[in-house]
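Asker: fold the following and give me the result.
(chains A and B)
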Amino acid sequence: MNLDLILGILQIVLIATTPLVFAGIGELVTEKSGVLNLGVEGMMLVGAVSAFIILVITGSYFLAFFVSILSGIIMSGLFAFLVLFLMSNQIATGLALTIFGIGLSSMLGKQYIGTPIDGLSPWFFVIFSFLIVFLVSYFFYKTKVGLILRAVGESHNSAHALGYSVIKIRFLSILFGGSMCALAGSYISICYAPMWQEGMTAGRGWIALALVVFATWKPERVLIGAYIFGGVTILQMNLQALGLRFPGQFFSMAPYVATIIVLVLISSNKLRIKLSAPASLTIPFYKGR
Amino acid sequence: MIRIITFLSTFLVFAFGSAYADPKKVGFIYIGPPGDHGWTYMHDVGRKYMESQLGDSITTTYLENIPENADAVRAIRKLADSGHDLIFTTSFNYMDQTHEVAKDFPDIKFEHATGYIQADNVATYSARFYEGRMIEGHIAGHMTETNTIGYIASFPIPEVVRGINAFYLAASKVNPDIKMKIIWVFTWYDPGKEADAANTLINQGADIIVQHTDTYAPCQAAQKAGVYAFGQASNQEEFCPDAHLTSIEDIWGPYYAERAKAVVDGTWSSGDTWDGMDKGMVVMSPYNTKLMPASLIQEAVNMEVGIKDGTIHPFTGPIYNQAGELVVPEGEVAPDGMLLGMNFYVQGIDGEVPQ
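Answerer: Just a heads-up that it's a prediction; the model follows:
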């Protein structure tokens, strides 16, 4: 193995893993405030298609990402309205958001399929993804607002009794999650594989959801989990290309097996997962009570 | 999660009953969106060609993004229930579902793409894409400088393995030092993963990327890295003009028109069709004159002529398997039966077919 080869592999891993980090960290913040949003995949797709369409129309990368993040805020705002104000079931609403996002993105993007665009270099976003993880970590554990957000996720009634606005904090957390998912989507359609194709996120939203559990709701661990997943995926491709004789099924299941193994290791300490999973996750908050 | 698009006319014709059902109704099941610029796109081009040829004597319907599971049964049954006379199911893994529905509707004709099991009302059809792979292999053998070819494979089915072998046999003939690096991605459709595979192969020294997946992400990755690539299913030159050497195009239109006409005339019968370049079912995209020397283009064109008139066959003996056993003797060509069930690499390819 020479240095160039290893550097090359590293580059591919970084580029492939970045969307998982964005979506994962966004969902983590949402869940930390006590709300489970299963609409990640749908928000990613809408983010991807809106960035692509704006780029084709205006030619401006800035506008493309701006509108994409806006689309994530609108999508997650819709979700927030339903689950926070109308008290709809979070799991059902999140699934509906994904289904809605898949359909909406296909409809919007229909005439843009196969439009050639110039892709954008991914490196800014790769660096930004690391930065955002550490910012979120700092926010959670070193700032008062972060502490309040976590408190809302643990016991919304206590937080409410202390005079904090549970609804407002959850609303903002959901919007942050939505904008991160949209950013992940636009990164995919503008930097990672510069094109628009229906359903092009290909399940990465669901992986991001699994990553949050894998990370036991800790920001740095989302980063670690994402890189284990991305790293194993790319590594198995490299082993295949080197002509190693391995059963193919082993290759394709390796990333999932790695995820499950770590999940088992983590959950074997029941107390630990209990401590880090937000106690109020998926429980609706009734202000009047 | 499945979005179903049906033409309004279909329902109208159905609503007015059989008295008005004079034009024959032809339905299609697509695995992807018609805009994928790959597999489904070419089936849709074929459908439109059929419409243009047969005019008012048929109406067509399609259902897109149908997964290869129990949803496919529902989709096919939906077409059958709404009075279609001929239904094309355009992916290999619709096989069981097609037969399941066909049993219940003996009067409806079914056509299953790339399948190998027929019934009284189920015909199968496919194209000899491997003829195109041979030409790609020949070009790659001449164009590569690192003697390393990167091949992105989808699923280990005979169709894909056949393509790899045809490619390698032709490439190693002009360039015995050639090495194939193969990555199985176990998906037809994931632009991100396809790009990762292409970048991994390029990183390992491949200077030509071949793909058997459905999007143009690998060709784009090749363009970015400054290496060559072959497109898939349709002409993909506009997405990667400095990398794209040629593509194998799937031309279904004439076959679809012929089969629909047979239904209109009442002469349809089941069977298996496996046509290639001679019938125009497999066509090479225009060779890239900016990248390829004129002499090589001429060789490729000559090869096309040879394949069409039968003097050239991609699987001409002697062909050995990886264990060194002679599978096709000198002077003979591989029988269709062997090609249809091909699940081994020929001698010279490293690694093994995932089982």
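Asker: in chain A, which spans are helices?
Answerer: Counting by DSSP state H, one finds helices in chain A at the ranges A:3-32, A:40-58, A:61-80, A:90-109, A:123-142, A:144-154, A:156-161, A:166-187, A:204-214, A:219-241, A:248-267, A:270-276.
Asker: closest to B:Arg162 out of the ones you listed?
Answerer: B:Arg162 sits nearest to helix A:248-267 of all the helices of chain A, at 17.1 Å, using Cβ to Cβ. The C-beta positions use only the backbone N, C-alpha and C, and glycine is treated the same way.
Asker: and the stretch 1-150 of chain A, which of its residues are near chain B?
Answerer: A:5, A:8-9, A:11-12, A:15-16, A:19, A:99, A:102-103, A:106, A:110, A:113-114, A:116, A:119 (Cβ under 8 Å from any Cβ of the partner chain).
Asker: let's verify the residue in chain B that chain A sits nearest to: helix, strand, or coil?
Answerer: The nearest approach of chain B to chain A comes at B:Pro354, 2.3 Å away (Cβ to the nearest Cβ). The three-state assignment at B:Pro354 reads coil, by DSSP: H, G, I helix; E, B strand; the rest coil.
Asker: so it touches B:Ile182, yeah?
Answerer: No - if you go by Cβ atoms under 8 Å, B:Pro354 and B:Ile182 don't touch, sitting 9.9 Å apart.
Asker: and these two? which has more neighbours close in?
Answerer: Between B:Pro354 and B:Ile182, counting by other Cβ atoms under 10 Å in any protein chain shown, B:Ile182 is the more crowded of the two (26 against 18).
Asker: ok, now how distant is A:Ala226 from A:Ser105?
Answerer: Remark: distance between A:Ala226 and A:Ser105 (Cβ to Cβ, to the nearest Å) = 23 Å.
Asker: can you give me the strands in the stretch 251-355 of chain B?
Answerer: Counting by DSSP state E, counting those that start in this stretch, the stretch 251-355 of chain B has strands at residues B:272-275, B:282-284, B:319-320, B:326-328.
Asker: taking these together, which one is wrapped up most tightly?
Answerer: strand B:282-284 (a mean of 20; mean count of other Cβ atoms under 10 Å in any protein chain shown).
Asker: that one pairs with which strands?
Answerer: Using DSSP bridges, the strands paired with strand B:282-284 are strand B:244-250 (antiparallel).
Asker: same question for the strand it pairs with, mean pLDDT?
Answerer: Mean pLDDT, computed over strand B:244-250, is 94.
Asker: low-confidence regions, the chain specifically.
Answerer: Picked chain A for this. A:1, A:245-252, A:254-255, A:258-259, A:262-263, A:266-275, A:288-289 (pLDDT under 70).
Asker: let's do chain B instead
Answerer: B:1-21.
Asker: show me the domain layout of it.
Answerer: Domain assignment for chain B by automatic domain parsing gives B:8-127+B:251-279, B:130-250+B:315-340.
Asker: and these: which comes nearest A:Met180?
Answerer: Using Cβ to Cβ, those put domain B:130-250+B:315-340 closest to A:Met180, at 17.5 Å.
Asker: flag every residue of the stretch 51-200 of chain B that's near chain A.
Answerer: Residues of the stretch 51-200 of chain B lying near chain A (Cβ under 8 Å from any Cβ): B:65, B:150, B:156, B:181-187, B:189-197, B:199-200.
Asker: try it again at 6 Å.
Answerer: Residues of the stretch 51-200 of chain B lying near chain A by Cβ under 6 Å from any Cβ of the partner chain: B:181, B:183-184, B:186, B:190-192, B:195-197, B:199-200.
Asker: so which of the residues you listed belong to helices?
Answerer: Cross-referencing these against helices under DSSP H gives B:191-192, B:195-197, B:199-200.
Asker: distance of the closest residue to B:Ala113 other than its chain neighbours relative to A:Val13?
Answerer: Of all residues not flanking B:Ala113 in the chain, B:Thr90 sits nearest, at 4.5 Å (Cβ to Cβ, 6 or more residues apart in numbering or on different chains). Separation of B:Thr90 from A:Val13 (Cβ to Cβ) stands at 36 Å.
Asker: could you check which of those two is surrounded by more residues?
Answerer: Set side by side, B:Thr90 and A:Val13 show more neighbours around B:Thr90, with 25 against 20, by other Cβ under 10 Å.
Asker: in contact with the more buried one, which residues are there?
Answerer: Shown in contact with B:Thr90 (Cβ atoms under 6 Å, 6 or more residues apart in numbering or on different chains): B:30, B:43, B:113.
Asker: how about 7 Å then?
Answerer: Residues in contact with B:Thr90 (Cβ atoms under 7 Å, 6 or more residues apart in numbering or on different chains) are B:28-31, B:43, B:113.
Asker: export those to TSV and tack on neighbour count and secondary structure?
Answerer: Output for the contacts of B:Thr90, formatted as TSV (neighbours: other Cβ atoms under 10 Å in any protein chain shown; DSSP: H, G, I helix; E, B strand; the rest coil):
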residue	neighbour count	secondary structure
B:Phe28	27	strand
B:Ile29	26	strand
B:Tyr30	24	coil
B:Ile31	24	coil
B:His43	26	helix
B:Ala113	24	strand
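Asker: looking at those residues, which is nearest A:Pro284?
Answerer: Looking across those and measuring by Cβ to Cβ, the closest to A:Pro284 is B:Ile31, at 39.8 Å.
Asker: near the residue lying closest to A:Asn89 once chain neighbours are set aside, how many other residues are there?
Answerer: When the adjacent residues along the chain are set aside, A:Asn89 lies closest to A:Val83, with 7.7 Å between them (Cβ to Cβ, 6+ apart). Counted with other Cβ under 10 Å, residues neighbouring A:Val83 total 26.
Asker: same thing with the one 4 residues further on?
Answerer: Here the number of neighbours of A:Met87 (other Cβ under 10 Å) works out to 11.
Asker: that one and A:Pro284 touch, don't they?
Answerer: Yes - look at A:Met87 against A:Pro284 with Cβ atoms under 7 Å: they come within range, at 4.8 Å.
Asker: end to end, how far does stretch B:280-290 reach?
Answerer: 26 Å (Cα to Cα, to the nearest Å).
Asker: chain center to it: distance?
Answerer: Relative to its chain's centre, stretch B:280-290 lies at 15 Å (Cα atoms, centre = their mean, to the nearest Å).
Asker: hmm, back to that, of all the helices of chain A, which lies closest to B:Met342?
Answerer: Per Cβ to Cβ, nearest to B:Met342 of those: helix A:248-267, 16.3 Å.
Asker: for the stretch 1-150 of chain B, what spans make up the strands?
Answerer: B:24-29, B:58-63, B:86-89, B:109-113, B:122-127, B:148-153.
Asker: okay, those strands in a markdown table with distance to B:Leu296 next?
Answerer: Converted to a markdown table, the strands of the stretch 1-150 of chain B look like this (distance: least, Cβ to Cβ, whole Å):
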| stretch | distance to B:Leu296 |
| --- | --- |
| strand B:24-29 | 38 |
| strand B:58-63 | 39 |
| strand B:86-89 | 37 |
| strand B:109-113 | 32 |
| strand B:122-127 | 24 |
| strand B:148-153 | 16 |
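Asker: deepest of those strands, which one?
Answerer: It is strand B:86-89: most buried of these by mean count of other Cβ under 10 Å, with a mean of 28.
Asker: helices and strands around that strand, which ones?
Answerer: strand B:24-29, helix B:70-81, strand B:109-113, helix B:253-265 (3 or more Cβ pairs under 7 Å, 6 or more residues apart in numbering or on different chains; DSSP states H and E).
Asker: contacting residues around the first one?
Answerer: Residues outside strand B:24-29 that contact it (Cβ under 7 Å, 6+ apart) are B:10, B:13, B:43, B:47, B:57-63, B:66, B:72, B:75-76, B:79, B:83-90, B:94, B:260, B:263-264.
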